[in-house]
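> just the structure for this:
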Amino acid sequence: MFMKLISYAHVHHDYRQAAREAATVPMDQVAGVIAKYTNTVEDTENLVRYPYNVSLRDIFYFWMAPTLTYQINFPRSKKCRKWMIASLLVRMFGCLSLMIFLGQQHIMPAVMEATESLDRLQPWHIVERLLSLGIPMTYMWLLMFYLIFHLFLNFLAEILRFGDRVFYKDWWNSNTFEEYWRLWNLPVHFWLVRHLYFPCQRAGLSRGVCVFLVFFFSAALHELIVSVPFHLPRIYAFAAMLGQIPLVALTKALEKHPLWQSMNGGNFLFWCMFCIVGQ
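Residues are numbered from 1 along each chain as shown. Modelled structure (predicted):
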């Protein structure tokens, strides 16, 4: 919710800046001023314009909408399809059932056995148990991704007639870690680009510094999500996210070599890291 509030406040701040500057330029330059601050050009008469969008109904809709980035005019579908809602609910129930089955039958026994090996200080057994967790944890992560990003977000979008249903792209075909972080979670990616990356660029920072600040913020957010619910004030999630920066640089460098491209090595390395280290 706090990311939505930041987006709502930031977008309206930009619109106020654009309105003040637009009042001092000729009419043929107004569209350029709006694009400068809001990354869009709104010149259609049928669209709601600032400040007429400021209302409780508007902010309540944004709070419920499956997006983190505010805009005055969201794309809307013509009607709410009840058969689609029923289909999504059935699939969510099936997905949750599979996740419970995997957790109870495959993940928890392996975790308990790994804990016993840890108590007895048997490092090879610990490694073996952790590797045996790779497949069920990967399936669990994929089911969780499908449940949240495909089923639940589409469920909210269908109820609210929210027209933009692109919540992810084909991250499983990623050849570099940069592609993965750019494609797997589009709502967060768009928020980081709109409210962190672009403002840093407008402030005169270099592209490398902007990318580092984005990863630093994402690392702090991941650490907050892990530490607060589990009462574990560690820096594991923070360090893991910052560790993605050299991986991004490494995979981008390897992708430039023709032999690496012909072997599809980038995607192979991505899935090895994803299934073994990432889980």
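> sketch out the low-pLDDT regions of the stretch 51-200 of the chain for me.
Within the stretch 51-200 of the chain, the stretches with pLDDT under 70 are 114-123, 126.
> buried residues, the helix or strand containing residue 83. List them.
Secondary structure from DSSP states H and E places residue 83 in helix 82-102. By neighbour count with 16 or more other C-beta atoms under 10 Å, helix 82-102 contains the buried residues 88, 91-92, 95, 99, 102. C-betas here are computed from N, CA, C, even on glycine.
> for residue 270, see how far away the residue nearest to residue 180 when sequence neighbours are not counted is.
Among residues not flanking residue 180 along the chain, residue 174 sits closest, at 4.2 Å (C-beta to C-beta, 6 or more residues apart in numbering). In this view, residue 174 and residue 270 are 5 Å apart by C-beta to C-beta, to the nearest Å.
> now do the shared contacts for the two.
When contacts are counted by C-beta atoms under 8 Å, 6 or more residues apart in numbering, the set common to residue 174 and residue 270 consists of residue 180.
> which residues touch the residue positioned nearest the centre of the chain?
Centroid-nearest residue in the chain, with C-alpha atoms, centre = their mean: residue 185, separated by 2.8 Å. Counting by C-beta under 8 Å, 6+ apart, residue 185 makes contact with 149, 168.
> change it to 6 Å
Contacts of residue 185 were listed using C-beta atoms under 6 Å, 6 or more residues apart in numbering, and none were found.
> likewise residue 132?
By C-beta under 6 Å, 6+ apart, residue 132 lies in contact with residue 110.
> list the contacts of residue 53.
By C-beta under 6 Å, 6+ apart, the contact set of residue 53 is residue 72.
> ok, which pair from the buried residues of helix 82-102 is furthest apart?
88 and 102 (21.0 Å; C-beta to C-beta).
> distance from the chain centre to stretch 84-104, please.
Averaging C-alpha positions (C-alpha atoms, centre = their mean, to the nearest Å) puts stretch 84-104 22 Å from its chain's average.
> err, stretch 196-208, not the other one
Remark: stretch 196-208 is offset 20 Å from the chain centroid, using C-alpha atoms, centre = their mean.
> and it, which residues are buried?
Within stretch 196-208, the residues that qualify as buried are 196-197, 200, counting by 16+ other C-beta under 10 Å.
> same deal with stretch 137-146?
Quick answer for stretch 137-146 (16+ other C-beta under 10 Å): 137-140, 143, 146.
> from the residues you listed, which ones fall inside helices?
Those of these mapping onto helices are 137-140, 143, per DSSP state H.
> which one of those sits closest to residue 124?
residue 137 (19.8 Å).
> and residue 274, how many residues sit next to it?
Neighbours of residue 274 under the rule other C-beta atoms under 10 Å: 19.
> how would you label it: helix, strand or coil?
helix (DSSP: H, G, I helix; E, B strand; the rest coil).
> state the distance from the nearest residue to it once chain neighbours are set aside to residue 107.
What sits nearest to residue 274 in space, not counting adjacent residues and going by C-beta to C-beta, 6+ apart, is residue 138, at 7.2 Å. Distance of residue 138 to residue 107, given as C-beta to C-beta: 11 Å.
> just residue 183 next, same as before
Residue 183 sits 27 Å away from residue 107, going by C-beta to C-beta.
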